[in-house]
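1. Got a sequence here, can you model it:
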Amino acid sequence: MTVFWYALRRGLTRPVSLALNSILPITFISVAGSGAFGTGPEARGYFFVSYVILFGAFMMAGSIQADRIDGVLPRILAGPITFRNYLTQNFFAGLAPMVVLSAILGIIGILRHGWDLSFAGFVVLSYIMLSATSIGLSFVWSCFFKDREASTVAFSLILTLMAFLGGMLMPLSMMPATIRHIGALFPAHWAARAFEELITYEGATAQYWTSILALVLFSAALILYGSKRRIV
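-> Numbering: from 1, shown residues only. Predicted coordinates for the structure are as follows:
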């Protein structure tokens, strides 16, 4: 079994990961009122799902930390696989279910909430890029924690703080300028900005694409840093 399939199976068989990456977001977007996923000020459903996806992607990408804690990683790297290959396969194992989930959410949005195809595509792209960023953050997180429970608790606290400062738990327009500037240091801010642009203008704007670019840069920086740190 390749690293990809091993990491994918382990991620999907964790009950918490399965709930966060399928049951909770799909149920919520299916039963939520049209206002929650519409285009008005009350459309906060996008942000709740973003919060869930941040944590769900982190859980999906926990294979590296598990391999490190269990002492499996040195044995894997002793075989015919490079660390870069190992990291790449883990990245796509974490991202693949999030791409599928994002696509399902887009389809439900079209059928349940009346999104047009282009709007659904922009929503799906935002969720995918947020997932990639969270997976990159998971790689960095794996460098510093050797206790799985402590890591999950600490990340939950950090995630909540990031979500608050980034505008996922409170609209950016209601936050003081100083808080918004601090929040811009976190990827959650740029995901929130992307969704606020979408639901305000009902489509992609220059600010939307700027936010997506910021998420791409965050992902690249986090993955690069995680690949350079010694985690064995």
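
2. Quick check: chain neighbours aside, which residue is closest to the spatially most central residue of the chain?
-> Centroid-nearest residue in the chain, with Cα atoms, centre = their mean: S131, separated by 2.6 Å. Of all residues not flanking S131 in the chain, M98 sits nearest, at 3.6 Å (Cβ to Cβ, 6 or more residues apart in numbering). For the C-beta atoms, the positions are set from N, CA and C on the backbone; glycine is no exception.

3. thought the one you found was touching I53?
-> Yes: here M98 reaches I53: they are 6.7 Å apart, a contact under Cβ atoms under 8 Å.

4. what is in contact with these two at once?
-> 127, 131 (Cβ atoms under 8 Å, 6 or more residues apart in numbering).

5. coming back round to it: the residue nearest to the centre of the chain touches A57, doesn't it?
-> Yes: between S131 and A57 a contact is recorded at 4.2 Å, counting by Cβ under 8 Å.

6. intersection of neighbour lists for those two?
-> Residues touching both S131 and A57 (Cβ under 8 Å, 6+ apart) are 94-95, 98.

7. ok, and for the lengthiest helix in the chain, which residues are buried?
-> In terms of residue count, the longest helix belonging to the chain (DSSP state H) is helix 83-113. For helix 83-113, burial by neighbour count (16 or more other Cβ atoms under 10 Å) applies to 86-87, 89-91, 93-98, 101-102, 105-106, 108-109, 113.

8. With stretch 37-52 instead?
-> Buried, per 16+ other Cβ under 10 Å, within stretch 37-52: 37-39, 43-52.

9. Which members of those are the farthest-apart pair?
-> Spatially, the most separated pair among those is T39 and V52, at 20.9 Å (Cβ to Cβ).

10. where do the helices sit along this structure?
-> So, for the chain - with DSSP H - the helices run 3-12, 15-18, 24-31, 45-60, 63-69, 73-77, 83-113, 117-141, 148-166, 177-183, 187-201, 206-228.

11. Switch these over to CSV, and while doing so, append mean pLDDT to every line.
-> CSV is the format used below for the helices of the chain (pLDDT from 0 to 100):
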stretch, mean pLDDT
helix 3-12, 76
helix 15-18, 70
helix 24-31, 89
helix 45-60, 86
helix 63-69, 70
helix 73-77, 68
helix 83-113, 88
helix 117-141, 90
helix 148-166, 80
helix 177-183, 84
helix 187-201, 91
helix 206-228, 87
